[in-house]
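J.: sharing a sequence plus its predicted fold:
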4 protein chains.
Amino acid sequence: MIKVGIVGASGYSGEELVRILANHPNVKLACVTSRTLQGTPVEKVIPALRNRLGDLMFSHSDPQALANDATADIFFLALPHGVAAEYVRALIQGGKRVIDLSADFRLNSPEIYREYYGHEHPDVELLREAPYVLPELANNSWKSARLIACPGCYPTSIQIPLIPLLRDGVIGSDRIVINSCSGVSGAGKKAAEDYLYCERNESMKAYGLPKHRHLSEIEEQLSLAAGDTVVVQFNPHLAPMHRGIATTITVAANGSIDDLYASWKKHYAGKPFVAVLPSGTQPDTRYVSGTNRVDISAVYDPRTKHFIITSAIDNLVKGASGQAVQIMNLWNGFSETAGLV
Amino acid sequence: MIKVGIVGASGYSGEELVRILANHPNVKLACVTSRTLQGTPVEKVIPALRNRLGDLMFSHSDPQALANDATADIFFLALPHGVAAEYVRALIQGGKRVIDLSADFRLNSPEIYREYYGHEHPDVELLREAPYVLPELANNSWKSARLIACPGCYPTSIQIPLIPLLRDGVIGSDRIVINSCSGVSGAGKKAAEDYLYCERNESMKAYGLPKHRHLSEIEEQLSLAAGDTVVVQFNPHLAPMHRGIATTITVAANGSIDDLYASWKKHYAGKPFVAVLPSGTQPDTRYVSGTNRVDISAVYDPRTKHFIITSAIDNLVKGASGQAVQIMNLWNGFSETAGLV
Amino acid sequence: MIKVGIVGASGYSGEELVRILANHPNVKLACVTSRTLQGTPVEKVIPALRNRLGDLMFSHSDPQALANDATADIFFLALPHGVAAEYVRALIQGGKRVIDLSADFRLNSPEIYREYYGHEHPDVELLREAPYVLPELANNSWKSARLIACPGCYPTSIQIPLIPLLRDGVIGSDRIVINSCSGVSGAGKKAAEDYLYCERNESMKAYGLPKHRHLSEIEEQLSLAAGDTVVVQFNPHLAPMHRGIATTITVAANGSIDDLYASWKKHYAGKPFVAVLPSGTQPDTRYVSGTNRVDISAVYDPRTKHFIITSAIDNLVKGASGQAVQIMNLWNGFSETAGLV
Amino acid sequence: MIKVGIVGASGYSGEELVRILANHPNVKLACVTSRTLQGTPVEKVIPALRNRLGDLMFSHSDPQALANDATADIFFLALPHGVAAEYVRALIQGGKRVIDLSADFRLNSPEIYREYYGHEHPDVELLREAPYVLPELANNSWKSARLIACPGCYPTSIQIPLIPLLRDGVIGSDRIVINSCSGVSGAGKKAAEDYLYCERNESMKAYGLPKHRHLSEIEEQLSLAAGDTVVVQFNPHLAPMHRGIATTITVAANGSIDDLYASWKKHYAGKPFVAVLPSGTQPDTRYVSGTNRVDISAVYDPRTKHFIITSAIDNLVKGASGQAVQIMNLWNGFSETAGLV
């Protein structure tokens, strides 16, 4: 049993983390912090977990105090963009291990960070140190790290299908066109007019064109896999649903559909959280909702010589909190699926 | 005042036609037919129109009888695929004019029809005769026709933004990638498990890959506009909503974003049912729901030299019944917007 | 043609008013005001009306200026609770006529106002003067008024079925139990966490128990109809949908089901916006959505000697803006249904 | 570890049973039967469980064969109404133990069965033998039974709040008015037009008035608790959501709100699946979705001297499959929450 803490648990990913960790066989959920909710019982804020959390309260969230405290060994950071760096430095110096769910430590390159975020990264040293861990595809060297960057939701839905194919040269690396549709929880628990029920219901639209921030993470990772600079078109959309990302990728075929499936099967044999569907069966967000699974599939179009590759994930689970727990499981030698089925 | 009839009004497009025509200032809705519902008051089947239809009943739907009858001058056919041909021939011979909402007469080429539908077209002569009328883009020669093919929902959302740009050479005609997301009403009022509330709610998925039947209509029309064979990738999706199609198109830029907007503005100046949105404002199905409008917009991505073009329509209105009424208005010299605002 | 103005058009009822009045055959929509949106084109805020409003802009909303201005003769107030009084006094003194959609002038009794709102009514004289007009049930004396209070959404769904029955003594007036389920738009366009898509989707719950503010209006009107004090149990609920109120009322039968239907038919014969459904056919919010209609029905339960009475309305149309326009139509001698079908 | 079988697993409750039992620590899911799906991998029919079920297949469903087979010791029947009796008799005679999720064995009285179902019960002896087990409220004598009737969804949401209060005399037993709103999955996985996405979306309506079949079960159990005949008004509604029942009960207060809460706390202290919410906090289906919990709350209305009691459950979990597993847990001496958190 390890003791874990969650920093910033008032949003949707934080809630999902509490849900998973409260029921994890190898974990004691030792503390849950929130600046604004200190002293409030967690089950008041997450009524879905009534009768499950005992008298767990939101506690203070001062980085230094958390770092010195013996309460927890591993911290999950579920903070808004730009806030994590301060916590990470303090916690690492206090000997804690950290899994950051934000985008703050996902890039390798400080230059790309500056381009996409408009300012210098606040802690370039840690940025360079932090491995980016998509558990199915990362090599094992990450396990000795102190700080891990957990991949984003769109990037997970894109990299799981594409990275094996780029590594194996089964697809061309130019002219990749990616369209993703996300549920509304992807926008977080922000009280903004744009996310009201009456605004999003019966609404389907593109947004963030042409340069969504996740693009930096996507292209950096795809380029590493291809061994070459990969530039993609990434078109995100908002769909009228709570959870889920459905991604559809058009890419030049550089081999047969059998080659494509062989590459996937080689990479994902025995992986509990990847399901390779037969060609012609499309992933559906409904079937991955509440799970840590990625469903992937592909067809070949002889008219265009394209593969059409499709994937589906739950943005809050495999796209955030479930994946973070999967990382923790592997990091600590627990069963990869502990707490996740 | 002209007298119109609707053949096959028990589905969603048929219902929408009744709704529009019951309130049209230049029209008397003279008959509404359905094989299975004969003798039933229409308002029992379309309760949304209670108190609006008087004692209008579903009547018999024998093609010959309708053709001989003096009840109506123009017929709208809202029948399932493959059923329209028999009606069309009889009605035309009886001197009626016909607007067909099905896909039966949309193609010019009997060969492409055979390729996509797996059998010979049942009436090649009429297929060749019937103009395909997207009112904003068709030249006026169609007005003397006896039979008009009304464009499909996906094709409308695609052709309105693309055809001006292909005509003006502002975009490249190869490597066009189209992703469309449709509401569930696009599947019609079929009592199939796949369209149950509990199956479609919280579900986002691609389907019909890689060769949806609408592709034939899309490519034929885009090729005519480009003056060359256009092959596109068309990826349709089902979204958890009642109405609406959101389309996102990735296409090589062959000019500036200003050129693109100039082409649109030239083609659509004064067109009441096209709204050209500023670059950066994305069309949203919610805002076109219940209207006959197409909203279109575009951005340029300097990284990929692509335009990302987006559009939104209501699949049952501009994608079917509203467009059919717009055609009727122009055909008869009524105001283009009569009954449609 | 009369000239009308809308004060406070940035919310959902305001938007619905603009939609209806922009297309009304007897009306020129002369001004649309909003403190915060002055100078913004209305179609930017209500994109559903693109291409329909010309260059109509939001204008200033100073009561005195509106009162002196010759722009409009009738004003619709779609303001939050407590704000209308100041406008009403100025507009009336400037010779304007006013239809107030808020709850500010709906009660007769200043004492009940104080009990429910916790402070004195700001203009008791006008409160006493303003008739409460449910058009199907009000006697014609209201037509000479200068200020009219438009009924609330829940009250409309309750009074239309109950008032005829209380007047005719067909039901008992004690132990009436009313359960209503409202769509989320009933809460207005407030950027509050509670109305986010992810909070309301898949959520059904009671709220406002046991003394919702609309109760004062409901009981005052039912008491007038019964000629005696009526006390009811009113249980409002929030349902996961955009529009609509479904109301279910349990009440002691004081006659047969035929007596009940006879009372309804006597009161509602020829009324275009009330549909009396056969016993056993339940009203459905889906069928009244976007219409100004109330659907009502009832069954008798011999086990309990109760009638179960059900109704459905669109809360934004018959429950607010449509009803306000219906009042304007009757007030000005227009067709009752002008702009509303 | 016990071996269990599920008979009739192709519907929504069956799917939920598979989901729970596939992950239950004390159970081997030995067989899953379906007449129509024999030989199909279960994960093809329940794609949400991909990667979780190994090669589990749907098998034959002949009652006699299942009874003779050593495959399973306990069977869950998730069959449509009227089909269970044949299986139950065979399985019991073969020494199996059975938990029936249908309504077939829920009543004590064959007379009431005949009244509500219009025909004689097919196995009166077993009907009399089968205890009706709402685990929080049943006395322990049921544990020696061979066949258990699992309560229905509406009845669970009603009995959990009411039975303690009737036992303790805190509420009056006449004039109880119950309004319940159910998600669409309550209707099962039937391919009927009425349950299509486009029919149920944005739809709220009452149905089954005035004598829904569940009424027999509700009144029989409430009468047992009250020690007297209880007649209630039960108004079920269909709400536009997948899962969940929200129930609102109006009942005469026969004591203070403190007495009411004292009764609940006495009955439900330490019960893991009942959460008693503070007066004024309303249960919300969203917060019980996917859980086996019932949330209950109440307010007192001094104007009417009524309690307004509210509850929420997930109709497929606490209202069906979760409750059945809870029964199995207690029957076998497992932890009550095994497999259910």
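T.: Ah, there it is.

J.: every contact and neighbour count from this point should use C-alpha atoms.
T.: OK.

J.: any idea which element the nearest residue to A:Asp123 once chain neighbours are set aside lies in?
T.: The shortest distance from A:Asp123 to any non-neighbouring residue, by CA to CA, 6 or more residues apart in numbering or on different chains, is to A:Ala85 (6.7 Å). Element membership of A:Ala85, judged by DSSP states H and E, is helix A:84-93.

J.: mind giving me the packing neighbours of the next helix or strand after that helix?
T.: Per DSSP H and E, the first helix or strand lying C-terminal to helix A:84-93 is strand A:97-100. Counting contacts by 3 or more CA pairs under 8 Å, 6 or more residues apart in numbering or on different chains; DSSP states H and E, strand A:97-100 packs against strand A:74-77, helix A:84-93, strand A:147-149.

J.: quick one: strand A:97-100 to chain centroid distance?
T.: Distance of strand A:97-100 from its chain centroid, counting by CA atoms, centre = their mean, to the nearest Å, is 13 Å.

J.: likewise for stretch A:100-107?
T.: Here stretch A:100-107 is found 9 Å from its chain centre; the criterion is CA atoms, centre = their mean.

J.: do the same with stretch A:294-308
T.: For stretch A:294-308, the distance to the chain centre is 24 Å (CA atoms, centre = their mean).

J.: out of the helices and strands packed on strand A:97-100, nearest to C:Ile92?
T.: Among these, the nearest to C:Ile92 by CA to CA is helix A:84-93 (57.6 Å).

J.: which ones are touching whatever residue of the stretch 201-341 of chain A ends up closest to chain D?
T.: At 4.2 Å from chain D, A:Tyr287 is the closest residue in the stretch 201-341 of chain A, using CA to the nearest CA. With contact taken as CA atoms under 8 Å, 6 or more residues apart in numbering or on different chains, A:Tyr287 is in contact with D:Pro47, D:Ala48, D:Leu49.

J.: hmm, back to that, which helices and strands sit right next to the helix holding A:Ala85?
T.: Helix A:84-93 sits against helix A:63-68, strand A:97-100, with contacts defined as 3+ CA pairs under 8 Å, 6+ apart.

J.: just the CA atoms of the top helix by length along chain A, as PDB, please.
T.: Criterion DSSP state H: the longest helix present in chain A is helix A:153-167. Extracted in PDB, the C-alpha atoms of helix A:153-167 (Å, rounded to 0.1, in the frame of the first residue of the first chain):
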ATOM      1  CA  CYS A 153      -6.700  13.300 -24.100                       C
ATOM      2  CA  TYR A 154      -6.600  14.200 -27.800                       C
ATOM      3  CA  PRO A 155      -2.900  13.100 -28.100                       C
ATOM      4  CA  THR A 156      -3.700   9.700 -26.500                       C
ATOM      5  CA  SER A 157      -6.400   9.000 -29.000                       C
ATOM      6  CA  ILE A 158      -4.100   9.900 -31.900                       C
ATOM      7  CA  GLN A 159      -0.800   8.400 -30.800                       C
ATOM      8  CA  ILE A 160      -2.100   5.000 -29.800                       C
ATOM      9  CA  PRO A 161      -3.100   4.300 -33.400                       C
ATOM     10  CA  LEU A 162      -0.400   6.200 -35.200                       C
ATOM     11  CA  ILE A 163       2.900   5.700 -33.400                       C
ATOM     12  CA  PRO A 164       3.300   2.000 -34.200                       C
ATOM     13  CA  LEU A 165       2.500   2.700 -37.800                       C
ATOM     14  CA  LEU A 166       5.000   5.500 -38.100                       C
ATOM     15  CA  ARG A 167       7.700   3.400 -36.300                       C
END
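
J.: helices or strands up against it?
T.: Contact here means 3+ CA pairs under 8 Å, 6+ apart; on that basis helix A:153-167 packs against helix A:214-226, strand A:245-252, helix A:257-268, strand A:294-301, strand A:306-313.

J.: hmm, who's touching that helix?
T.: Outside helix A:153-167, the residues that reach it (CA under 8 Å, 6+ apart) are A:134, A:136-137, A:171-173, A:178, A:180, A:214, A:217-218, A:221-222, A:225-226, A:245-247, A:260, A:263-264, A:267, A:294, A:296, A:309-313, A:315-316, A:318-320.

J.: wait, does the host helix or strand of A:Val32 contact chain D?
T.: Using DSSP H and E, A:Val32 falls within strand A:27-33. No - contact of strand A:27-33 with chain D is not found when judged by CA under 8 Å from any CA of the partner chain; the minimum separation is 15.3 Å.

J.: buried set for the helix or strand just after that strand?
T.: From strand A:27-33 onward toward the C-terminus, using DSSP H and E, the following helix or strand is helix A:42-45. Going by neighbour count (16 or more other CA atoms under 10 Å in any protein chain shown), the buried part of helix A:42-45 is A:Val42, A:Glu43, A:Val45.
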